[in-house]
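Undergrad: Next input, structure requested:
(chains A and B)
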Protein chains: 2
Amino acid sequence: MFVILVYDVNQKRVGKVLKKCRQFLNWVQNSVFEGEISRSNYYRLKRELLALIHEEEDSVIFYTFRSLSYSKREIIGLEKGGETNFL
Amino acid sequence: MFVILVYDVNQKRVGKVLKKCRQFLNWVQNSVFEGEISRSNYYRLKRELLALIHEEEDSVIFYTFRSLSYSKREIIGLEKGGETNFL
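TA: A predicted model of the protein is given here:
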């Protein structure tokens, strides 16, 4: 499956959350990651992020896709991230 | 079409970019918007954001989808945004 992950967490926890996301996905921009991930790793990532964040203050959104055949990514301005799997 | 927009712009321009995005899409989280948008409004939004941002420093990513039938959104932690059209 393909995942786009966006987080908005307290500054104190950004470092740990960033590191965790990097383990599984590609960094695209500021607080955005994306990439192909297995279902089991997806659940693992969610579980491990849940252990890091404070649920009453932080927020992590996962957009998951089975197919990307009808999707497109466009960037205006700077392309900050590195390698991507996006079609 | 459905759009997920994520921006990473200099603090000086955040207010204007936020306001512009709000005109066309629903706010979901920190620097993330999403929503149904017509093709003409999509081009208009891109054009107007291009006029606001500094391309050598700021970054705006548009993920566009013709169909959302195989997608899902999951949030862990706080749900910060308001209303959404996401399935």
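Undergrad: where does chain A have low pLDDT?
TA: Per-residue confidence of chain A (counting by pLDDT under 70) places the weak regions at A:67-70, A:81-87.
Undergrad: Return the residues of it in contact with chain B.
TA: By Cβ under 8 Å from any Cβ of the partner chain, the residues of chain A that approach chain B are A:4, A:6, A:8-9, A:28-32, A:46, A:49-50, A:53-67, A:70-80. All C-beta atoms are positioned from the backbone trio N, CA, C, and that covers glycine.
Undergrad: hang on, residue A:23 in a helix?
TA: Yes. Counting by DSSP: H, G, I helix; E, B strand; the rest coil, residue A:23 is located in a helix.
Undergrad: for the helix or strand containing residue A:20, packing partners?
TA: Of the helices and strands defined by DSSP states H and E, residue A:20 is found in helix A:11-24. Contacting helix A:11-24 under the criterion 3 or more Cβ pairs under 8 Å, 6 or more residues apart in numbering or on different chains; DSSP states H and E are the following elements: strand A:2-8, strand A:32-36, helix A:39-52.
Undergrad: Most tightly packed of these?
TA: With neighbours defined by mean count of other Cβ atoms under 10 Å in any protein chain shown, none of the helices and strands packed on helix A:11-24 is more surrounded on average than strand A:2-8, at a mean of 23.
Undergrad: relative to strand B:32-36, how tilted is that strand?
TA: For strand A:2-8 against strand B:32-36, the angle between stretch directions is 130 degrees (axes from the mean of the first three to the mean of the last three Cα atoms, to 10 degrees).
Undergrad: which other residues reach strand A:2-8?
TA: By Cβ atoms under 8 Å, 6 or more residues apart in numbering or on different chains, the surrounding residues in contact with strand A:2-8 are A:17, A:21, A:25, A:31-37, A:42, A:45, A:49, A:58-66, A:68, A:85-86, B:4, B:6, B:29-32, B:63, B:80.
Undergrad: before we move on, what about stretch A:29-39?
TA: Under the contact criterion Cβ under 8 Å, 6+ apart, stretch A:29-39 has outside partners A:1-8, A:21-22, A:24-28, A:45, A:80-81, A:84-86, B:6, B:8, B:30-31, B:59, B:61.
Undergrad: Neighbouring strands of the strand or helix carrying residue A:74 in the sheet, and parallel or not?
TA: Residue A:74 is part of strand A:71-77 when elements are defined by DSSP H and E. Strands flanking strand A:71-77 in the sheet, each with its direction: strand B:59-65 (antiparallel) (DSSP bridges).
Undergrad: Helix B:11-24 and the strand it pairs with, what's the angle between them?
TA: Our comparison of strand B:59-65 with helix B:11-24, counting by the same axes, to 10 degrees, yields an angle of 20 degrees.
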